[in-house]
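**Q** after the sequence you'll find the predicted model.
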Amino acid sequence: MKHKISLGKLKGVPRTLLIPLRGRYLETKRDNGIISDPKSVEIIDSLDHDFGESELPWDGQLLMSVRTEILDEAILRFLDENPDSVVVNLGCGLDTRVHRVDNGAVCWYDLDLPDTIEIRKKFFKENGRYKFIAKSVHDFTWIDEIEKNKKTLFIAEGLFNYFTEKQVKDILMAIKSNFPSAEIVFEAYSRLMKWWWHRHRHIRKAVSMFKWGVGTGKKLERWDSGIKFVDEWHYIDRHPLRWRWMRYFRHLRPLRKLMKVVHLQFGPALS
């Protein structure tokens, strides 16, 4: 019998890394699933962890899958236009995206807290184009470890919800100041989202840590004239039959904007 891997006692935000991993696993196991992520299956099957008491509700699994689909598409478009580029995955957790989108040329950085990176090392190996940074995203010394002479895309999947508005703004402004013409794709919930997911006991603890939300990424242009809103994609627009009764949210503007991925581009501030 193969030895199972223990994650130890995860607490706080790091514990939430199991939620998207489980969502991708369950969707991959589903017939005609939205995504196919064999690496998540490999990781889950190797863990010494009982998910029986924390199974995802159907809509939580769907959210994780649609989020994965949208972000993968956005990153593949970026890499198609910028093959020899840099991608920085902020708060990577146990994200498996590099296995799905690597084009053989991109330089990829996975950044997270030291304890999380130690867990990550059990399943992923660094190489010349794939590197770990074991630091908090709020410790901006990580910027010094990123290559600066290439087009750069930042990813923040399931991360900014846990930060205050000031913390999110500080991160975006640090990126803008150090990576001219960089882009970022990130998940953003509206403020209603905290109320919505709080009804699920399995993920209530994670949702209780949410601090920030925004109705549309377009509002972030107000933070600085060098922030340009490019696009956003609403989860509820995808796979309507899978959303069951929630698919009718598409016709109600505040509810349609509950869950989305936002795409921003940075440039010099206008004088």
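**A** Right, received. Where do you want to start? Just so we're clear, the structure is a prediction, and the values are computed from it rather than from any experiment.
**Q** what secondary structure does His99 sit in?
**A** Secondary structure assignment for His99 (DSSP: H, G, I helix; E, B strand; the rest coil): helix.
**Q** number of residues surrounding the nearest residue to it once chain neighbours are set aside?
**A** Using CB to CB, 6 or more residues apart in numbering and skipping the chain neighbours, the partner closest in space to His99 is Lys39 (4.6 Å). To be clear about C-beta, it is placed using only N, CA and C from the backbone, and glycine gets the same treatment. Look at Lys39: counted by other CB atoms under 10 Å, it has 20 neighbours.
**Q** so who does Lys39 touch?
**A** 96, 99-100, 123 (CB atoms under 8 Å, 6 or more residues apart in numbering).
**Q** quick one, phi/psi of the spatially most central residue of the chain?
**A** Nearest to the mean C-alpha position of the chain, by CA atoms, centre = their mean, lies Glu157 at 1.1 Å. Main-chain torsions, Glu157, degrees, to the nearest 10: phi -100, psi 120.
**Q** that one against Asp72, yeah?
**A** No. Contact between Glu157 and Asp72 fails when scored by CB atoms under 8 Å: they sit 10.3 Å apart.
**Q** quick check: what element follows the strand or helix carrying Leu255 along the chain?
**A** For Leu255, the host element (DSSP states H and E) is helix 253-256. For helix 253-256, the following helix or strand on the C-terminal side (DSSP H and E) is strand 259-266.
**Q** related to what we said a few turns ago, using JSON lines, lay out the contacts of Lys39 together with distance to Tyr235.
**A** What follows is the contacts of Lys39, written out as JSON lines (distance: CB to CB, whole Å):
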{"residue": "Thr96", "distance to Tyr235": "19"}
{"residue": "His99", "distance to Tyr235": "23"}
{"residue": "Arg100", "distance to Tyr235": "19"}
{"residue": "Phe123", "distance to Tyr235": "27"}
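**Q** for the stretch 51-200 of the chain, give me the ranges with low pLDDT.
**A** Within the stretch 51-200 of the chain, the stretches with pLDDT under 70 are 52-55, 194-200.
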